[in-house]
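Undergrad: test case, fold it:
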Amino acid sequence: MDDFIVTVFMNDDDKPSELMTFGNNPEEVIDNMVQIEAVRILCHIKRVKDSEIWDFNEELEPFRELRRMILKTNGEIRLRLALQEDS
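TA: Numbers count the residues shown, from 1 in each chain. Okay, here's the model as predicted:
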């Protein structure tokens, strides 16, 4: 497990904050931030041991919605696509 520093915007803040978190990979770090409701935007992730940076720059609410759907369906999400014919 590695240490990561994430740059985020919290709630209605107009200045970024840095948070320390832990994970096995950047995906786990993103999930950690998604679970913190006060984090509004995830800017980037920096792994401490080698200073590798992943830019993200995304609002997290859409990811929270996806996470809620996954938990609600016990991990079974089915996508339904409807194609509309041109008239």
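Undergrad: name the surrounding residues that touch the longest helix anywhere in the chain.
TA: The single longest helix within the chain, with elements called by DSSP state H, is helix 61-72. Outside helix 61-72, the residues that touch it by C-beta atoms under 8 Å, 6 or more residues apart in numbering are 30-31, 34-35, 37, 40, 77. C-beta coordinates here come from the backbone N, C-alpha and C atoms, glycine included.
Undergrad: max pairwise distance over the residues you listed: which two?
TA: 40 and 77 (24.5 Å; C-beta to C-beta).
Undergrad: for the helix or strand of the chain with the lowest mean pLDDT, what is the distance to the chain centroid?
TA: When the helices and strands of the chain are scored by mean pLDDT, DSSP states H and E, helix 61-72 comes last with a mean of 88. Put simply, helix 61-72 sits 11 Å off its chain's centre (C-alpha atoms, centre = their mean, to the nearest Å).
Undergrad: what residues of that helix count as buried?
TA: residue 63 (16 or more other C-beta atoms under 10 Å).
Undergrad: one more: stretch 3-16?
TA: 4-9.
Undergrad: and residue 11, backbone torsions?
TA: Residue 11 adopts backbone torsions of phi 40, psi -120, taken as degrees, to the nearest 10.
Undergrad: what's the answer for residue 6, then?
TA: Dihedral angles (degrees, to the nearest 10) for residue 6: phi -110, psi 140.
Undergrad: that one against residue 48, yeah?
TA: No - using C-beta atoms under 8 Å, residue 6 makes no contact with residue 48, being 11.0 Å away.
Undergrad: related to what we said a few turns ago, more neighbours, residue 40 and residue 77?
TA: residue 40 (16 against 10; other C-beta atoms under 10 Å).
Undergrad: who does the host helix or strand of that one touch, helix- and strand-wise?
TA: Per DSSP states H and E, residue 40 falls inside strand 39-47. Other helices and strands packing on strand 39-47, by 3 or more C-beta pairs under 8 Å, 6 or more residues apart in numbering; DSSP states H and E, are strand 2-10, helix 26-34, strand 53-59.
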